[in-house]
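Chemist: Sequence and predicted structure are below.
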Protein chains: 2
Amino acid sequence: MSDESLPGYTPPPEAAVPDLCDLLIEARYVLPIAPHGAVLEQHAVAVRGGAIVAVLPIAEARARFEAKETISRPEGALMPGLVNAHTHNPMTLMRGVADDMPLMRWLHEHVWPIEGAIMGPEYVADGIAFAIAEMLRGGTTCCNENYFFPDVQAATYKRYGFRARVGLPVIDFPTAWAKSDDEYFDRACEVYDQWRHDALIATAFAPHAPYTVSDANFERIRMLSDQLDVPVHLHTHETAQEVVESQKKYGQRPIARLDRLGLINDRLIAVHMTQLTDGEIALCAERGVSVAHCPESNLKLASGFCPIGKLQKAGVNVAIGTDGAASNNDLDMFGEMRTAALLAKAVAEDAAAFDAHSALRAATLGGAKAMGFDHLVGSLEPGKQADIVCVDLSALETQPLHHVASQLVYATGRHQVSDVWIAGKPKLRERMLVDMDIDALIANARQWRERIGAVAVGD
Amino acid sequence: MSDESLPGYTPPPEAAVPDLCDLLIEARYVLPIAPHGAVLEQHAVAVRGGAIVAVLPIAEARARFEAKETISRPEGALMPGLVNAHTHNPMTLMRGVADDMPLMRWLHEHVWPIEGAIMGPEYVADGIAFAIAEMLRGGTTCCNENYFFPDVQAATYKRYGFRARVGLPVIDFPTAWAKSDDEYFDRACEVYDQWRHDALIATAFAPHAPYTVSDANFERIRMLSDQLDVPVHLHTHETAQEVVESQKKYGQRPIARLDRLGLINDRLIAVHMTQLTDGEIALCAERGVSVAHCPESNLKLASGFCPIGKLQKAGVNVAIGTDGAASNNDLDMFGEMRTAALLAKAVAEDAAAFDAHSALRAATLGGAKAMGFDHLVGSLEPGKQADIVCVDLSALETQPLHHVASQLVYATGRHQVSDVWIAGKPKLRERMLVDMDIDALIANARQWRERIGAVAVGD
């Protein structure tokens, strides 16, 4: 498809005097994500001051821009950095510690005892640093974090220049992070205040789940999220059991209860959503709820199938998340995007459901929109932040190259990500992390292996 | 006087005279697959004359063997080469040519017109060579091929020293391979005869599917497969539509019809099997049918869900296949194994279903058993052929390393395969193909891109 044929495409104005820019990235393909489905050949992205200033044919770019640095990727495809819309990144240090067991046994006999022994700022900071390296190596540039110690999370993401929205946890029982309802809210507001003007880091309320948060706490969250204009990041309708128990306890399914509490709105990032009636789908569409779909976690924990084909048709914004590496067991957004695209078809009983371009959008702009970051990132458009990844399609595994979007979704491995920029800053260059010491990170993870192994059952 | 007669003589321990071997591979872990679930630390595999002679602790191996070559992989895990139990490898050249559309449109408007234009020995040979490179780079050492021109297939696998069982196609209509029923069978028997004594290559009857093969042809296949003792490799119960149409046409579901025709036995490799009653599962278990599960193809074409958790519990041998790259879109057995393990849990509604060790077994010994190759390969046991892969687990993405089997199934990317041997011969060494020219293969695939693109619709 040539770019001229795209509806609404306007060629950039020609400039007689070269514009200055910091970075010009030239590639075989550019997939800007907006407009939907566009595949531009032999295009370049020009970056200035951390933002995209133009997406245009290479020849025009060379004529128009004088770039401090030009990077050429003649076999590469540029796309927006992947947005992981739901993750618990400190748990990357628990990758594979306990698999192949029912959720409650997994939690009670493994995850919670281990967390009880190691939870604290050091674990959170080390886990997130480790996760950032994995995310960058796999083309992820932004994540929706959901864990304890959001102060440490925020500082760690900031330290490595990684874009994140950190969750301010609220749960009805004491944890290492807070001992009482008031303390959860006090600490949440402190962390919110500290990061409210940051360019990379933002916050969201992260009530754990409908079965662990009271009406009173949900009401408080609704009031604060309205007042502060921050999203609410919530696991919900994850399992059939959760829905049944809500009906028993509240006489309502979780979505109906959340609606009663005023939370079914465009600030809600509803994670999992494997149990949905058509009425609930229509309600989410009408209210602008975003769904963070975590297919591999839903499969692995036997939670069920989120009907993203139906959600997409109804107009619900669909995002994709890996969930934590303790239940996945990776932060591979290429893999997650592929699983989402494959699974959606079987669930919808329609091989045309959730096509490659839909999967690419969900994994980028869909996530950005869910997180309230779509004015900043999620597509390669002038004015947005330069969160960009380059995928090397020259590998045997992505040849012959009939259709680039198909290749990216159905055949590309995350190790084919060659370069990553966040806000125009290089983070991965020809597969090398620019500002992280990978050997030190791995050595540190091995130490955590020993510490966690000492607590883990059945090792 | 012989020294035996000396008083106090003690004969030297056997280990004092080293055994000779061709290759000793030392690794951090060895997963022999048999016995089921075994994980050996700091073990070695000794190879002589293309076969495994011992699997033993490294220290013992060094004492016992004098090896022509010793390879040390202190961060590696050795396992049997992966066995792809169902594939159409020439179609690798059509990877991604037509995605995200219903099966019948995909076949009628894309695959068949393209095949009509390019089908022939050159396409089959080039496609298989390309696929072999992809398989080797991903740790696959053996495949169950199902396509036209089995003579060319066999010669190509043989040329590159790759283990395969090639399908002898039977279908009720003329193709480039054969024009009549008699010609299908004559050519099948010729190819069978040519390869019957080969150490690497064998044949199987490959009737296309119940809806494209008559009772008479199935009866002929049954007679020949009994007489020649070769497996029958058949797509069946792939979709609900197939089952409904069989009931209309034959008054029986395909499995009942196949049973009437004498084909439900331990020679049958039943591919897909997404539509199964409990009675059919019990019948397959009783008769020793093997199921080749192709989860990514089943998802992508919206065919349905094969209940491998139930099949495994019933005692049915489960193997894993990628299907062709035109409907997957890769030959990634690590990815397929992961998808199988994840999906099985959601389908069984049991997070403990089909655990990591089960997935590893299905992708190795399960495939070997299905193909009638389990006396040769599928596990690392003395006497078996040395089809071995080494996976490098030192990458950040597979750290920290709590449980090696979990890591291999849920977190490893196929690009972490460092080394591959088939019958003791090195095929991949530190990620480099030993006897294939990867640049030439890619250049050739790009030529096929042009030829196929000239035929393909909608480019």
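Modeler: Thanks, I have it.
Chemist: and the residue of the stretch 101-250 of chain A nearest chain B?
Modeler: Residue nearest to chain B within the stretch 101-250 of chain A (C-beta to the nearest C-beta): A:Pro102, separated by 4.9 Å. (Each C-beta comes from the backbone N, C-alpha and C, glycine too.)
Chemist: What's the per-residue pLDDT of that residue here?
Modeler: Looking at A:Pro102, its pLDDT is 80.
Chemist: now swap in A:Ala54 and tell me
Modeler: Confidence score, pLDDT, at A:Ala54: 98.
Chemist: for the strand or helix carrying it, packing partners?
Modeler: Using DSSP states H and E, A:Ala54 maps to strand A:51-57. If you count contacts as 3 or more C-beta pairs under 8 Å, 6 or more residues apart in numbering or on different chains; DSSP states H and E, strand A:51-57 packs onto strand A:19-30, strand A:40-48, helix A:58-64.
Chemist: Same list (the ones you listed) but as CSV, adding distance to A:Ile118.
Modeler: Converted to CSV, the helices and strands packed on strand A:51-57 look like this (distance: least, C-beta to C-beta, whole Å):
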stretch, distance to A:Ile118
strand A:19-30, 40
strand A:40-48, 40
helix A:58-64, 50
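Chemist: out of the ones you listed, which comes closest to B:Glu41?
Modeler: strand A:19-30 (44.8 Å; C-beta to C-beta).
Chemist: quick check: domain ranges of chain A?
Modeler: For chain A, automatic domain parsing gives the domain ranges A:19-80+A:386-423, A:82-371.
Chemist: Could you export those to JSON lines, including columns for distance to A:Trp448?
Modeler: Formatted as JSON lines, these follow (distance: least, C-beta to C-beta, whole Å):
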{"stretch": "domain A:19-80+A:386-423", "distance to A:Trp448": "22"}
{"stretch": "domain A:82-371", "distance to A:Trp448": "4"}
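Chemist: Could you pick out the residues of the stretch 1-150 of chain A near chain B for me?
Modeler: A:93-97, A:99-103, A:106, A:130, A:133-134, A:137-138 (C-beta under 8 Å from any C-beta of the partner chain).
Chemist: Which one (most neighbours) among those residues?
Modeler: Tallying neighbours with other C-beta atoms under 10 Å in any protein chain shown puts A:Arg95 at the head of those, with 32 neighbours.
Chemist: correct me, but that one touches A:Asp330?
Modeler: Yes. With contacts counted by C-beta atoms under 8 Å, A:Arg95 reaches A:Asp330, the gap being 7.3 Å.
Chemist: Quickly list what's touching both of these two.
Modeler: B:Ala411 (C-beta atoms under 8 Å, 6 or more residues apart in numbering or on different chains).
Chemist: Please identify the helix or strand for A:Ala117.
Modeler: Element membership for A:Ala117, per DSSP H and E: helix A:112-118.
Chemist: er, A:Thr203 I mean
Modeler: Using DSSP H and E, A:Thr203 falls in strand A:201-207.
Chemist: Run through who's touching that strand.
Modeler: A:144, A:146, A:150, A:154, A:157-158, A:163-171, A:188, A:191-192, A:195-196, A:213, A:217-218, A:221, A:224-225, A:230-234, A:269, A:371-373.
Chemist: In helices only, show me the residues you listed.
Modeler: A:150, A:154, A:157-158, A:188, A:191-192, A:195, A:217-218, A:221, A:224-225 (DSSP state H).
Chemist: who wins for neighbours among these?
Modeler: Busiest of the ones in helices among the contacts of strand A:201-207 [other C-beta under 10 Å] is A:Pro150, holding 29 neighbours.
Chemist: Stretch A:350-359: how far from the chain's middle?
Modeler: Mean-position distance between stretch A:350-359 and its chain equals 19 Å (C-alpha atoms, centre = their mean, to the nearest Å).
Chemist: repeat for stretch A:189-198
Modeler: The answer for stretch A:189-198 is 21 Å, by C-alpha atoms, centre = their mean.
Chemist: how about that stretch: buried residues?
Modeler: Residues of stretch A:189-198 classed as buried by neighbour count (16 or more other C-beta atoms under 10 Å in any protein chain shown): A:Val191, A:Tyr192, A:Trp195.
Chemist: swap in stretch A:168-184?
Modeler: A:Leu168, A:Pro169, A:Val170, A:Ile171, A:Thr175, A:Trp177, A:Ala178, A:Asp181, A:Tyr184.
Chemist: repeat for stretch A:280-294
Modeler: Buried, per 16+ other C-beta under 10 Å, within stretch A:280-294: A:Glu280, A:Ile281, A:Leu283, A:Cys284, A:Ala285, A:Val289, A:Ser290, A:Val291, A:Ala292, A:His293, A:Cys294.
Chemist: secondary structure element for the fifth one?
Modeler: Meaning A:Ala285. helix A:278-287.
Chemist: Could you list the residues in contact with that helix?
Modeler: By C-beta under 8 Å, 6+ apart, the surrounding residues in contact with helix A:278-287 are A:237, A:253, A:255, A:259, A:264-266, A:268, A:270, A:276, A:289, A:291, A:307, A:310-311, A:314-316.
Chemist: now do 7 Å
Modeler: Under the criterion C-beta atoms under 7 Å, 6 or more residues apart in numbering or on different chains, residues A:Ile255, A:Asp259, A:Ile264, A:Asn265, A:Asp266, A:Val291, A:Lys310, A:Leu311, A:Ala314, A:Gly315, A:Val316 lie in contact with helix A:278-287.
Chemist: What strand or helix carries the fourth one?
Modeler: With elements delineated by DSSP H and E, A:Asn265 resides in a region that no helix or strand encompasses.
Chemist: for the first one, same thing?
Modeler: A:Ile255 is part of helix A:254-260 when elements are defined by DSSP H and E.
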